[in-house]
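A.B. asks: Generate coordinates for the sequence data below:
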Amino acid sequence: MTIAGINFHGPISHPATTKLRNVICGGVNERLQQGPNTGKRRFDKLYLFISSSGGQVDDGISLFGFLRSLPVEVTTINTGLVASIAIMPFMAGKRRIALPHSRFHFHDFEWNYPAAHNLTRLEYQDHTQLLNSGRETTLEVLKENTSLTDKDFEQLKLFEVPIIKDAAFAKEKGIIHEINYVAIPEEMNIFNIDY
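C.D. replies: So this is what the prediction gives:
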């Protein structure tokens, strides 16, 4: 088995996520050119080293679906901070690891406007619906892939008030499977996302 490592430290928004998707596609599409396995995928595992303060809700949800759909096994590693909507692509890992010093940041969802402009009442309503939908999707993904319950969300107010949780909390609640430094195998090719 050959592993591709991708290091991503940046926002979950364009242009950073475009570059992330391009590197992932490049690694997944790479094929062996010689030998008995000619034409087979060069990499059958992907390690996504990620640290992100979050970004756009639609990018985060889309990345989750994209990573889950890949024809290779994905492991996600929190190398520092996985915050806000960055939790979604992190949760796409079949195996999820947090470095001992890493943190997870939860807060209510927000909508950013790049410049001042007027909105109608219906446009505000539309944006609120999009935020609520993104929040509900994130809650569903967390409940399906962790041991977090409705009672946990209610008591901890994870998507109501800002809160930072450590790797021990993430392990206890099943957000991660392991707390550890990742020993990078000699054969792992590492690609850095530079945006």
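
A.B. asks: same question for stretch 140-157, mean pLDDT?
C.D. replies: Averaged over stretch 140-157, pLDDT sits at 94.

A.B. asks: and what of stretch 111-128?
C.D. replies: Rounded mean pLDDT across stretch 111-128 is 84.

A.B. asks: And stretch 56-74, by the same measure?
C.D. replies: 96.

A.B. asks: what does that stretch contact?
C.D. replies: Residues outside stretch 56-74 that contact it (Cβ atoms under 8 Å, 6 or more residues apart in numbering) are 4, 12-14, 17, 20-21, 24, 28, 41, 43-46, 48, 54, 76, 84-89, 91-95, 109, 130-131, 134, 137-138, 141. All C-beta spots, glycine's among them, are computed from the backbone N, C-alpha and C.

A.B. asks: Just the buried ones from the residues you listed?
C.D. replies: Of all those considered here, the ones buried according to neighbour count by 16 or more other Cβ atoms under 10 Å are 4, 12-13, 17, 20-21, 24, 28, 41, 43, 45-46, 48, 54, 76, 84-89, 91-93, 109, 134, 137-138, 141.

A.B. asks: in which helix or strand would I find the closest residue to S147 other than its chain neighbours?
C.D. replies: The shortest distance from S147 to any residue that is not its chain neighbour, by Cβ to Cβ, 6 or more residues apart in numbering, is 3.9 Å, and that residue is G174. Mapping G174 onto the secondary structure by DSSP states H and E places it in no helix or strand at all.

A.B. asks: State the number of residues packed around G174.
C.D. replies: Burial of G174, expressed as a neighbour count using other Cβ atoms under 10 Å, amounts to 13.

A.B. asks: do you know how far it is from E144?
C.D. replies: 11 Å (Cβ to Cβ, to the nearest Å).

A.B. asks: partner strands of the longest strand along the chain, parallel or antiparallel?
C.D. replies: With DSSP state E setting the assignment, residue counts place strand 73-83 as the longest strand in the chain. When sheet partners are counted by DSSP bridges, strand 73-83 sits next to strand 45-52 (parallel), strand 95-98 (parallel), strand 103-106 (parallel).

A.B. asks: Which one of the ones you listed lies nearest to A167?
C.D. replies: Among those, the nearest to A167 by Cβ to Cβ is strand 95-98 (4.0 Å).

A.B. asks: Tell me which residues are up against that closest one.
C.D. replies: Strand 95-98 is contacted by residues 73, 75-78, 90, 104, 167, 170-171, 175-180, 182 when judged by Cβ under 8 Å, 6+ apart.

A.B. asks: Same check on stretch 127-137?
C.D. replies: 57-58, 60-61, 85, 108-111, 119, 159.

A.B. asks: Spell out for me which residue occupies the centre of the protein.
C.D. replies: Compute the mean C-alpha point of the chain, and by Cα atoms, centre = their mean the closest residue is P89, 2.0 Å away.

A.B. asks: Surely that one touches I12?
C.D. replies: Yes: under the criterion of Cβ atoms under 8 Å, P89 is in contact with I12, at a separation of 6.8 Å.

A.B. asks: which stretches of this structure form helices?
C.D. replies: Secondary structure of the chain (DSSP state H): helices at 16-29, 57-69, 87-91, 121-145, 150-156, 167-172.
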